[in-house]
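Trainee: Sequence below, structure please.
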Amino acid sequence: MSTEAFTISRSKLTQPRNKTILITGGSAGIGLQTATLLHDLGNNVVVLDRAPAPESLSTSSRFLYQQCDITSWTSQRGAFEAAIKKFGGIDGVFVNAGIAEYKDQFFHDEVDSTGLLAEPDRRTLVVDMNAASDTVRLAIHYIKRNGKERGGSIVMTASLAGYLASAGAPLYSAAKHGVVGLMRALKNDTATLGIAISVVAPGITLTDIISGRKEGESLQDWAVRMRGVGVPINDPPEIADAVVYLMSLGIQANGKGLLVQAGRVADVEGGIAKSRKTWMGEEMLRLFRGGRNAPLFPNKL
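Mentor: The predicted structure follows:
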């Protein structure tokens, strides 16, 4: 059975409500659109970002901004603690902050002061994988305080590049594959805590990290040009809808991976799971099923 695409109707999104949701990278783009939608639904919203607080939310009593360097454990931890102090608990976390590929780390040769090949710049991996993993660690720690019955939700921003790698962005693709892998590796354990973990995987989306624009070309003009040649483009509110949709599902969202292209959505994780026999082969699938209960990595919970 093939994976069917669908459209999320914002008018039908009524949950979550009366929750406290923390968002990294929430001052602009997808993060801000998600923060705004969650706030409009009646939730407390906590934004962590290096950029200034969004003015549109800054006067609300249900909003908290924390300037935060997500590559710093103490900075992130302090922001989570501030959220707890103000709102008493955390029900959901949107692990969204990230950066695009930074320069060419594989084929452009630079030398250091010794005249030998310079050490690569790893900032893309540090932000998009390491810092995201730290956010998930903090999210589990604070959400599990709610108890299993109340539980909570963690949604991570992956990317189409986390499923189909982009040849022009190897470290970004590797990091986003890592985000998908982290969700897959955690989902069984988080389920025992009542915490749903999932990913949203946008294709090309109109945010400031878009490259390839002509000199002086606006983001919207670039989008018109790209759509004119058949490139599927998302608008940030469409990704926000997918994030909030996942949060609205409660524990049923656990393990889902929503690919979003041109505003259409498909649960590719479900499709991958159903097609294991095709891509693993019957023998390998049988061997996998026979060995997956081996006590190599026992559940510690």
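Trainee: end to end, how far does stretch 12-19 reach?
Mentor: End-to-end distance of stretch 12-19 (CA to CA, to the nearest Å): 18 Å.
Trainee: Please apply the same query to stretch 208-217.
Mentor: Start-to-end span of stretch 208-217 (CA to CA) is 12 Å.
Trainee: what comes up buried for it?
Mentor: By neighbour count on 16 or more other CB atoms under 10 Å, the buried set for stretch 208-217 is empty. Heads up, the C-betas are built off the backbone N, CA and C, glycines and all.
Trainee: Any stretches of the protein with poor pLDDT?
Mentor: Applying pLDDT under 70 to the chain flags residues 1, 211, 292-301.
Trainee: where along the stretch 1-150 of the chain do the strands fall?
Mentor: Counting by DSSP state E, counting those that start in this stretch, the stretch 1-150 of the chain has strands at residues 20-24, 44-49, 63-67, 92-95.
Trainee: Give the burial count for Thr59, as a bare number.
Mentor: Thr59 has 7 neighbours, counted by other CB atoms under 10 Å.
Trainee: distance of it from Asn18?
Mentor: For Thr59, the distance to Asn18 under the criterion CB to CB, to the nearest Å works out to 20 Å.
Trainee: For the residue most central in space within the chain, which non-adjacent residue is spatially closest?
Mentor: With distances taken as CA atoms, centre = their mean, the residue of the chain nearest its centroid is Thr157 (1.4 Å). Excluding its sequence neighbours, the residue lying closest to Thr157 (CB to CB, 6 or more residues apart in numbering) is Asn96, at 4.6 Å.
Trainee: next one: phi and psi at that neighbour?
Mentor: Torsion angles at Asn96 (phi, psi; degrees, to the nearest 10) stand at phi -120, psi -30.
Trainee: hang on, isn't the residue nearest to the centre of the chain packed against Ile30?
Mentor: Yes: Thr157 is within contact range of Ile30, at 6.9 Å (criterion: CB atoms under 8 Å).
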